[in-house]
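Engineer: All I have is the shape, not the residue letters:
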């Protein structure tokens, strides 16, 4: 036996189109979307500023780390020169020269360490 499925579609038409309500709704939606966009732009600017600040702090930390390493190597070289361990002193100086330091790191290391 075959079965038939009957579907009924009910359509409701609203003959009164309320232009004022539709316009107010559209303006409200537009206002909300504008606020979201403004907030996103502000957040994006803040994120860029924070990223720039982080990069600056990272560079300063790297300079401090290099300056400390330069001072350590200079002290090792000086101590070993005084004890006439020239091979160890030379190795410390090679390591010292091998560091890729910024002028800021050299300045932090101090003049006596850089000479």
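Structural biologist: Yes, it's here. These numbers come from a predicted model, not from an experiment. Numbers count the residues shown, from 1 in each chain.
Engineer: Please make it C-alpha for all contacts and neighbour counts, starting now.
Structural biologist: Noted.
Engineer: Who are the contact partners of residue 71?
Structural biologist: By CA atoms under 8 Å, 6 or more residues apart in numbering, the contact list for residue 71 reads 109, 113.
Engineer: which SSE is the spatially most central residue of the chain in?
Structural biologist: Central residue check for the chain by CA atoms, centre = their mean: the C-alpha nearest the mean position is that of residue 51, 3.5 Å away. Element membership for residue 51, per DSSP states H and E: helix 19-82.
Engineer: Next one: residue 67 relative to residue 101, how far apart?
Structural biologist: According to CA to CA, to the nearest Å, residue 67 stands 8 Å off from residue 101.
Engineer: between those two, who's got more neighbours?
Structural biologist: The neighbour comparison of residue 67 against residue 101 (other CA atoms under 10 Å) goes to residue 67, with 24 against 17.
Engineer: does that one really touch residue 103, like I thought?
Structural biologist: No - the pair residue 67 and residue 103 fails to qualify as a contact (CA atoms under 8 Å) at a distance of 10.1 Å.
Engineer: What strand or helix carries residue 100?
Structural biologist: Counting by DSSP H and E, residue 100 is part of no helix or strand.
Engineer: ok, now which ones touch it?
Structural biologist: Residue 100 touches nothing, counting by CA under 8 Å, 6+ apart.
Engineer: What does it show for phi and psi?
Structural biologist: phi -90, psi 90 (degrees, to the nearest 10).
Engineer: Per-residue pLDDT of it, please?
Structural biologist: Per-residue pLDDT puts residue 100 at 88.
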